[in-house]
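A.B. asks: here is my input, please return the structure:
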Amino acid sequence: MTPAPSCSIVWVANSGSKNVGIINFTANPNGWWNATVDGNGWTDVYVENGVATKDKSFGFVSGGISRHTVKFWYPNVDGQVRCSLEVEIDDRDHSTATLTPAPTLTTTPIPTETRTAVPTRTHTSTPTATPSLTLTPTPEDEPTDPMSGVISGRLVDQEGLPVSRVDVHLFRDTQESVYWVKWVEDGTFMFGGLPYSTWTVRVEEVSGNDMWEEVEPQIVVINKDTSDSVVTFNLTQKQIPMFKVFVPFVMR
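C.D. replies: As a prediction, the model looks like this:
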């Protein structure tokens, strides 16, 4: 009897960052799974040898607590949720917590909290403030990142008709691993819930379906000024060589 699909999710933040890191997936069986964030489509994940890893950056509220729910689905199309994880990003200024006691502090103890109770702590604007008080966040850590960028597009042939039975691959920045793959059935595709970044959209033929000429990938930038982008790929069908067969004619 085939065992039921199972999985687990672990979030690991990068050193020095609270909202940028990687998500490690452990799952059975191998193959294509799908991950969503806060109920929105995020990415298809290919599990190999029981594991998979994806880069991820979460938006957060400056000075507050933000929570995001990651769900892992199998199969990746019309599947069921097999496991989930709640990621909490705490951007509160704990350096002044000892000056304003609150009942909720016992739920998130900080070992160095009592060391901040010195007379100079009232000067929170001095250069000795902790890194979490920086007023110039990097673009990757920008707290206004809504994780709502959308890249949509269409694939048409020389006559303007929709192209189907091809894959569209999405790559983030200069990373070599695929961020998201979409199987195109009706000539259209859409990637939603994308963070601010530079994206490369590439059309790939499915093995055994060698019908189209290679087409140049398209570069899309998603930021606070451009959160919705539409691209079009014009595909040209390959020319299939024709062979003439000559049959000798014999007179008797």
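
A.B. asks: use CA for all of it now, contacts and neighbours both
C.D. replies: Will do.

A.B. asks: state the mean pLDDT of the helix or strand where residue 27 lies.
C.D. replies: Following DSSP states H and E, one finds residue 27 within strand 20-28. Strand 20-28 shows a mean pLDDT of 95.

A.B. asks: ok, and what's touching that strand?
C.D. replies: 5-14, 47, 50-58, 140-141 (C-alpha atoms under 8 Å, 6 or more residues apart in numbering).

A.B. asks: hmm, 6 Å instead?
C.D. replies: 5-14, 50-57 (C-alpha atoms under 6 Å, 6 or more residues apart in numbering).

A.B. asks: list the contacts of residue 73.
C.D. replies: 33-34, 79-82.

A.B. asks: likewise for residue 81?
C.D. replies: 72-73.

A.B. asks: one step back: what lines up beside the strand holding residue 27 in the sheet?
C.D. replies: Strand 20-28 sits in its sheet next to strand 6-13 (antiparallel), strand 51-57 (antiparallel), going by DSSP bridges.

A.B. asks: picking up where we left off before, show me which of the contacts of strand 20-28 are buried.
C.D. replies: The neighbour-count test (16 or more other C-alpha atoms under 10 Å) marks 5, 7-9, 11, 51-53, 56-57 as buried among the contacts of strand 20-28.

A.B. asks: please tabulate those in CSV, including the columns distance to residue 197 and pLDDT.
C.D. replies: Shown next, in CSV, are the buried ones among the contacts of strand 20-28 (distance: C-alpha to C-alpha, whole Å; pLDDT from 0 to 100):
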residue, distance to residue 197, pLDDT
5, 33, 94
7, 29, 96
8, 27, 97
9, 24, 96
11, 20, 95
51, 26, 95
52, 22, 96
53, 19, 95
56, 11, 94
57, 10, 93
